[in-house]
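Engineer: Sequence and predicted structure, then a few things I'm wondering about:
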Amino acid sequence: MTDDLIRKAAKDLAAAKSVAALTGAGISVESGIPPFRGRGGIWEKIDPSYADIDRFMRNPADVWNVLIKEMKEIIDKAKPNDGHKGLAKLEELGKLNTIITQNVDGLHQMAGNTDVIEFHGTFAWQRCLDCDERCETSKVELTEIPPRCKCGGIYRPEVIFFGEMIPYKALLRSKEIASSCDIMLVIGTSATVHPAAMMPGVAKENGAKIIEINLDETPLTGHISDYLVKGKAGQVMNAILAEMESLA
């Protein structure tokens, strides 16, 4: 994280009319949420087949016991960090319009962002398989596995399981947002998992500046992104917002 790049990012954001953000696991690691892939990831502990929709429908109690209960425990404890709060502040300042996220933790909404496109759905909410009634995961009681709605139907997380399609509306809106923003922040993601990985390229093709905030270089660095501010999301966002305040 260099002062020059912080100043550059602050000036670019201050001058921007429409900012979008693409976020990934890296922003939520600072809230104690492990990534799914890679070292220390959830798939090192749990067989990824537990995230398959067919497996859930065959034996929801098994999937609840092994995967969903674990995710509930993680998400119930997690709070937005300075990276999430920084993006909420950018919305408050009238700069950031939409977040496109690969995360399933609901922390952007908890921080205060109001327009969040969740490509992979969310573990923060449950939906009844019978009546479609929704319930926050934090309010679901685990006295019975799988937990049930008051109608007697089984709850399932509103996450996109393996074997389910990314919602078409989410894809369409993301492309529209990427096509119309003048800056896209790419935070905590290497943007290699499709279709979310397409969005920085779509934004770039339509004239947007791509500002990357990541701990290390990614496949975007030097190709799609205009510049990379290295560092933790929370620290970088705090520094950029402080600089923007000094420019005001």
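Structural biologist: Great, that's in hand.
Engineer: for this structure, which strand is longest?
Structural biologist: When the chain is parsed with DSSP state E, its longest strand is strand 121-128.
Engineer: Next SSE downstream of that strand?
Structural biologist: Downstream of strand 121-128, the next assigned helix or strand under DSSP states H and E is strand 134-136.
Engineer: tell me the mean pLDDT over that following strand?
Structural biologist: Strand 134-136 shows a mean pLDDT of 96.
Engineer: What of stretch 185-200?
Structural biologist: The predicted model gives stretch 185-200 an average pLDDT of 89.
Engineer: Can you list the buried residues in that stretch?
Structural biologist: By neighbour count on 16 or more other CB atoms under 10 Å, the buried set for stretch 185-200 is Leu185, Val186, Ile187, Gly188, Thr189, Ser190, Ala191, Ala196, Ala197, Met199, Pro200. From N, CA and C alone the C-beta is placed, and that goes for glycine too.
Engineer: among those residues, which are in strands?
Structural biologist: Those of the buried residues of stretch 185-200 lying in strands (DSSP E): Leu185, Val186, Ile187.
Engineer: from the middle of its chain, how far away would the helix or strand of the chain with the lowest mean pLDDT be?
Structural biologist: Across the helices and strands of the chain, mean confidence by mean pLDDT, DSSP states H and E is lowest for helix 42-45: a mean of 90. Here the centre of helix 42-45 is set off from its chain's centre by 19 Å, with CA atoms, centre = their mean, to the nearest Å.
Engineer: what packs against that helix?
Structural biologist: Counting contacts by 3 or more CB pairs under 8 Å, 6 or more residues apart in numbering; DSSP states H and E, helix 42-45 is packed against helix 69-77.
Engineer: Next, the angle strand 121-128 makes with the helix it packs on.
Structural biologist: If you take axes from the mean of the first three to the mean of the last three CA atoms, to 10 degrees, helix 69-77 sits at 110 degrees to strand 121-128.
Engineer: picking up where we left off before, who does the longest strand of the chain pair up with?
Structural biologist: Strand 121-128 sits in its sheet next to strand 134-136 (antiparallel), strand 155-159 (antiparallel), going by DSSP bridges.
Engineer: Tell me if I'm right that Glu158 and Glu136 touch.
Structural biologist: No. Using CB atoms under 8 Å, Glu158 is not in contact with Glu136; the gap is 10.5 Å.
Engineer: Quickly list the domain ranges of this structure.
Structural biologist: Here the domain parsing of the chain from automatic domain parsing is 1-32+79-120+166-248, 34-77+121-159.
Engineer: Out of those domains, which is the most enclosed?
Structural biologist: Mean neighbour counts were taken over these using mean count of other CB atoms under 10 Å, and the top value, a mean of 19, falls to domain 1-32+79-120+166-248.
Engineer: so what's Ala178 up against?
Structural biologist: Contacts for Ala178 were tallied using CB atoms under 8 Å, 6 or more residues apart in numbering; they are Ala20, Ile100, Met184, Met198, Met199, Pro200, Val202, Ala203, Asn206, Ala208.
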